[in-house]
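Novice: generate coordinates for the sequence data below:
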Amino acid sequence: MRTARILFLVFLVFMVGVPVWWYTEAGFDPGTLLVQGGMVLENGKAVPMDLRLKGQRILEMGQLSPIRGEKIVSVSGQLVLPGFVESGHDPKFDSKLAVQSGVTSVVLPDRRAFTEAAEQKSATNVGWVADYFEIENEVLKQSPQAPLTAVALNQGLARQMQLGAIGVYFDLRQGLNPQTEQALNWLAPELKQRNGLLLVRLQGADKSLWDELETVLQIAEKAQVPLHLADLQLSSEKVWNRANHLVARLEKARAAGLNVTFDFNPLLPLQPSDLQTFLEDPRGFISTNWAMAEETLQQTPETVSPPVLGLSQLIVKRSSLAANAFGLKDRGKLEAGAFADLVLLKAGESFDALQSLDKFQQSISQVWVNGELVFKEKVLAPAGKPLYGSPPAHLSE
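Specialist: Model (predicted):
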């Protein structure tokens, strides 16, 4: 009888003890990760802030106590920033170079570049815009003897959008000819109907820039389709010191209701007044085209001096402005519910020094994409996702 009682007590201890052990630190995993001891920028000042991640997103932020059993990553004294978002101007995409520069999401200029990046398991998130000239070539292949028509081009655009393009890209660096202008007029209303983005790259070395800019703006205004001017440049004496004129025209279009944004590369030669005007525009943002490689900095050392903007403003111009322009919901920002795309800077860095882009890159200690660490001294396992337009899915899903 006594033996039976002892065995019964052992059984009870086992039945109660195992569940208790399972919910202790040794056995319970809440599925969260605490990024502890970092700082974020608030009103231009660094304030202590912990981030709790769950899966690919930020669950909560604040002065957080660890949850029993959760993983903890200490980033004591490091500045935590939102991941950078860029417009990719070159189809030769190197996600490893991009992520080392803090770029966590990029919109590429054609489907081929997007497909290659997705197949290579990109370290960054990648979306794409359909290349107009690819659409044109596909139409001409199907009907070599027939002239281009609005119906044929719109059908070609529809196919690209159904595959997930967020819009259409016109590379006009060789100028705007009448046929391409006609195509712009045909496709702009279709883009508007499909909630797409019109992305245009102008040449920036000749006075014809002004006529081409005016034509593109008028087409976008007529269709009321969102317009993004990629890699905006004023790269020759013919157009130097005219950024104020250009931005004034954009402001006029915005006042008339047009959603128009642009990006520029401060690592390329720009006149100081033009650079400052671009930096101060509330809808202009920075895209380096991953030009932070050492060879690029050596070629243009005079262009990496600190711009006259605060660090928090520069961060906005590398993250949330671009994410909003490209419709990347829940990216480019630090808040509960946002994707955990993070850039961490080494502890103890001077804010003034970080305004210099070359110094900034050297200060990056870690990069996280979708809640996973992808860079720490070297590029680690990729965690990027393809970003699709609608249809077939929302860009950020």
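Novice: just want the most central residue of this structure.
Specialist: For the chain, the residue nearest the mean C-alpha position is Val85 (1.8 Å; Cα atoms, centre = their mean).
Novice: quick one: the strands in the stretch 51-200 of the chain, in order.
Specialist: In the stretch 51-200 of the chain, the strands defined using DSSP state E, counting those that start in this stretch lie at 57-62, 71-74, 79-82, 84-87, 103-108, 125-128, 130-131, 167-172, 197-202.
Novice: would you mind putting those strands into a markdown table with distance to Ser363 and mean pLDDT alongside?
Specialist: (Each C-beta comes from the backbone N, C-alpha and C, glycine too.) Output for the strands of the stretch 51-200 of the chain, formatted as a markdown table (distance: least, Cβ to Cβ, whole Å; pLDDT from 0 to 100):
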| stretch | distance to Ser363 | mean pLDDT |
| --- | --- | --- |
| strand 57-62 | 22 | 98 |
| strand 71-74 | 18 | 96 |
| strand 79-82 | 9 | 96 |
| strand 84-87 | 14 | 93 |
| strand 103-108 | 15 | 93 |
| strand 125-128 | 23 | 92 |
| strand 130-131 | 35 | 94 |
| strand 167-172 | 33 | 94 |
| strand 197-202 | 30 | 94 |
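Novice: among these, which is nearest Leu345?
Specialist: For Leu345, the closest of the strands of the stretch 51-200 of the chain is strand 79-82, at 4.3 Å, according to Cβ to Cβ.
Novice: domain ranges for this structure, per the record?
Specialist: The chain breaks down by automatic domain parsing into domains covering 1-29, 31-108+117-127+290-325+336-397, 130-164+167-287.
Novice: if I look at the nearest residue to Leu191 once chain neighbours are set aside, how far off is Ala152?
Specialist: Distance criterion Cβ to Cβ, 6 or more residues apart in numbering; nearest residue to Leu191, sequence neighbours excluded, is Val225 at 4.8 Å. For Val225, the distance to Ala152 (Cβ to Cβ, to the nearest Å) stands at 20 Å.
Novice: out of those two, which sits in the busier spot?
Specialist: More crowded of Val225 and Ala152, by other Cβ atoms under 10 Å: Val225, with 24 against 19.
Novice: dihedrals phi and psi, the more buried one?
Specialist: With angles defined as degrees, to the nearest 10, Val225 sits at phi -100, psi 140.
Novice: tell me which stretches of the stretch 251-397 of the chain form helices.
Specialist: In the stretch 251-397 of the chain, the helices defined using DSSP state H, counting those that start in this stretch lie at 272-280, 294-299, 311-316, 320-325, 351-354, 357-362.
Novice: how long is stretch 81-96 from one end to the other?
Specialist: With Cα to Cα, to the nearest Å as the measure, stretch 81-96 spans 19 Å from end to end.
Novice: in that stretch, which residues are buried?
Specialist: 81-89, 91, 93-96 (16 or more other Cβ atoms under 10 Å).
Novice: likewise stretch 213-225?
Specialist: Neighbour counts over stretch 213-225 (16+ other Cβ under 10 Å) mark 213, 215-217, 219-221, 223, 225 as buried.
Novice: contact partners of that stretch?
Specialist: Under the contact criterion Cβ atoms under 8 Å, 6 or more residues apart in numbering, stretch 213-225 has outside partners 172, 176, 181, 184-185, 188-189, 191-192, 196-198, 200, 202, 226-227, 229, 246, 249-250, 253, 256-258, 260.
Novice: thank you kindly, that will do.
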